[in-house]
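> sequence and predicted structure below; questions after.
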Number of protein chains: 2
Amino acid sequence: MIFEQLGLIGCGLMGGSFALALKRAGLVKTVVGYSKSPSTTERARKMGVIDVEAPSALLAVSGADIVLIAVPVAATEATLKSIKHLLTPQMLIMDVGSTKRDVVDAARRVLRGGNLGSFVPAHPITGKEVAGVEHADADLYVDKQVILTPIEHTQTKQLKMAIDVWTALGCRVQQMSPEAHDAAFAAVSHLPHLLAFALMNAISGQAQGQDFLSLAGPGFRDFTRIAASDPRVWRDILLANREELLTQSKIFQAHLQTLELMLTNNKSKALEELIVQASSTRAQWQMNQPQD
Amino acid sequence: MIFEQLGLIGCGLMGGSFALALKRAGLVKTVVGYSKSPSTTERARKMGVIDVEAPSALLAVSGADIVLIAVPVAATEATLKSIKHLLTPQMLIMDVGSTKRDVVDAARRVLRGGNLGSFVPAHPITGKEVAGVEHADADLYVDKQVILTPIEHTQTKQLKMAIDVWTALGCRVQQMSPEAHDAAFAAVSHLPHLLAFALMNAISGQAQGQDFLSLAGPGFRDFTRIAASDPRVWRDILLANREELLTQSKIFQAHLQTLELMLTNNKSKALEELIVQASSTRAQWQMNQPQD
């Protein structure tokens, strides 16, 4: 499996790293790249991340046998629209979005027949705290998990190619439905971000907020680390997955309110049992692999 | 300022470390210690943390000129009752509890006159993820913050002595009211613990909870680290400070619900503004010193 040409749309950290990794693995001959900002595309070429600068997303796709859409999730539908006339049922088309139902919905709306079948939605569980092609790294996907969320239209051939590509880059590949993916990440990633944002705003909104913050320590530091995440990226992720996120947030609030009830009614034993449950679940948990 | 005798009640991590630190600083001649468990008291003596094992809290206090109560906050009142007949207005009496209103209330109920005046409530902001005298460490208090919460009865002489002792151990001393202390720690420590407990229970309570957890990564790891805290210690802290904690939890939920409203109504710009606010508050925050 060697591709002639990767059409890369979005030459940032995720896309640029994919191109570098694919090249290093000897899996692609030419990378044609496009980014919304021409200076990014140029930088990507100068860095050797891409070989050819495309003047548009559509032209990046022209002649490609593998296409990676590595744009913010909110831009997925517009990107698909802009490239759909040059997509073919023979291509392998993938994205790297952190949410999957919205991406699949966009694909269903925009793509038809074989083109929809050639699209394999993917979420590689990796990243860095810094963005941009200057941080692109051929190792970004090594030893990481990638979730594929094929739908009923997805061609077996493309799905197998997708599995082979990510495996060749060093990923562990897991498949699940877009719904299961979004529910899981709503619970373990999107909700913690929402809670961390809410906590920071709850504290800073109080008159003594700065005094409170001056007393905060390592527990607070770790708990709120993700509150410093990129606002636009997280605005898009939270909105894209808002349905599952709101469901998880309601479940969370019900558990929080149960704890509050134990506190209000001074139910020491019941409170301890709930904390024991939380504490032992967390103590038994082992991280499978890095993600964010 | 050199003390003749420290009466140490509770020879665990916090108390044992205080005794070691006081000895190393040359500030005390003899340490008489008592723990609820005789084997702990014996171990403390064998380790050289204390010099003399007392058979009761009362006898640990007999003849002391400095007394440290280093027991779980919920045991403070019972401890004060058991030692009150041998306390004197000349002693320096302190605790190390993570909550201060409940400790002060207990002291007001149990102690009278000069004895109440000799009590200086203290919260050294330090700790370890492990408990017990075997982890006692003369360095535990070095370069840490200690909050003193004197009340109107507190004698100036004892307050000054307390400041001198903690300063001599390498602490930065800060004074505030018990109420201000508890409000601040409700916001930056107790509430994050409550939220982390609720999140773990919300996830593990769902049928797919284990599947969700298998996909969790470093953001989740850091956010939920404090959920693995000691259940009994945290049951006591949360209950002891439940009034302030419930207040902070309500403020938090109002901010969470504002975020939810932005999601429900797809208010992208307003959502982004709230995330920018959270993100910039967190990015600007600098930890003053270790605590938990």
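Yes, it's here. Because the structure is a prediction, the values reported are computed rather than measured.
> close to chain B: what parts of the stretch 51-200 of chain A are there?
A:125, A:145, A:147, A:180, A:183-185, A:187-189, A:191-200 (CB under 8 Å from any CB of the partner chain). To be clear about C-beta, it is placed using only N, CA and C from the backbone, and glycine gets the same treatment.
> where along the stretch 1-150 of chain A do the strands fall?
Listed in chain order, the strands found in the stretch 1-150 of chain A under DSSP state E, counting those that start in this stretch are A:3-9, A:28-34, A:52-53, A:66-69, A:92-95, A:119-120, A:122-125, A:145-148.
> out of the ones you listed, which is the most enclosed?
Counting by mean count of other CB atoms under 10 Å in any protein chain shown, strand A:119-120 has the highest mean neighbour count of the strands of the stretch 1-150 of chain A, with a mean of 28.
> partners of it in the sheet?
Applying DSSP bridges, strand A:119-120 is found paired with strand A:92-95 (parallel).
> residue A:215 and residue B:190 touch, don't they?
No: under the criterion of CB atoms under 8 Å, residue A:215 is not in contact with residue B:190, lying 11.8 Å apart.
> name the element the residue lying closest to residue A:150 once chain neighbours are set aside belongs to?
Once flanking residues are discounted, residue A:150 sits nearest to residue A:159: 5.2 Å by CB to CB, 6 or more residues apart in numbering or on different chains. Per DSSP states H and E: residue A:159 is located in helix A:156-168.
> from chain B, how far out is the residue nearest the centre of chain A?
For chain A, the residue nearest the mean C-alpha position is residue A:98 (2.3 Å; CA atoms, centre = their mean). Here residue A:98 is placed at a distance of 11 Å from chain B (CB to the nearest CB, to the nearest Å).
> need the contact list for that residue.
Taking CB atoms under 8 Å, 6 or more residues apart in numbering or on different chains, we find residue A:98 in contact with A:73, A:123, A:185, A:189, A:237, A:240.
> of the residues you listed, closest to residue B:60?
Within those, proximity to residue B:60 (CB to CB) peaks at residue A:189, which comes in at 50.2 Å.
> name the SS class of the closest one, please.
Under DSSP: H, G, I helix; E, B strand; the rest coil, residue A:189 falls in the helix class.
> tally of neighbours for the residue lying closest to residue A:232 once chain neighbours are set aside?
Closest residue to residue A:232 apart from its sequence neighbours, by CB to CB, 6+ apart: residue B:272 at 6.5 Å. When counting by other CB atoms under 10 Å in any protein chain shown, one arrives at 19 neighbours for residue B:272.
> secondary structure element holding residue B:272?
For residue B:272, the host element (DSSP H and E) is helix B:268-284.
> and that helix, what's buried?
By neighbour count on 16 or more other CB atoms under 10 Å in any protein chain shown, the buried set for helix B:268-284 is B:268, B:271, B:272, B:274, B:275, B:277, B:278, B:279, B:281, B:282.
> list the helices and strands it packs on?
Under the contact definition 3 or more CB pairs under 8 Å, 6 or more residues apart in numbering or on different chains; DSSP states H and E, helix B:268-284 sits against helix A:191-204, helix A:231-240, helix B:242-264.
> what's the angle from the shortest one to helix A:191-204?
When axes from the mean of the first three to the mean of the last three CA atoms, to 10 degrees is applied, the directions of helix A:231-240 and helix A:191-204 differ by 120 degrees.
> what helices and strands are in contact with helix A:231-240?
Helix A:231-240 packs on helix A:101-110, helix A:191-204, helix B:268-284, going by 3+ CB pairs under 8 Å, 6+ apart.
> mind checking the pLDDT average for the longest one?
This points to helix B:268-284. Regarding helix B:268-284, the rounded mean pLDDT is 97.
> equivalent analysis for stretch A:190-207, please.
For stretch A:190-207, the per-residue pLDDT values average out at 98.
> could you list the buried residues of it?
A:190-204.
> and it, C-alpha only, in CSV?
Extracted C-alpha coordinates of stretch A:190-207, given in CSV (Å, rounded to 0.1, in the frame of the first residue of the first chain):
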residue,chain,number,x,y,z
HIS,A,190,-15.5,17.5,26.8
LEU,A,191,-17.3,17.6,30.2
PRO,A,192,-14.1,17.9,32.2
HIS,A,193,-13.2,20.9,30.0
LEU,A,194,-16.7,22.4,30.5
LEU,A,195,-16.4,21.9,34.3
ALA,A,196,-12.9,23.5,34.4
PHE,A,197,-14.1,26.5,32.5
ALA,A,198,-17.1,26.9,34.8
LEU,A,199,-14.9,26.6,37.9
MET,A,200,-12.5,29.3,36.7
ASN,A,201,-15.4,31.6,35.9
ALA,A,202,-17.1,30.9,39.2
ILE,A,203,-14.0,31.8,41.1
SER,A,204,-13.0,34.8,39.1
GLY,A,205,-16.5,36.2,39.1
GLN,A,206,-16.5,36.6,42.9
ALA,A,207,-15.3,39.7,44.6
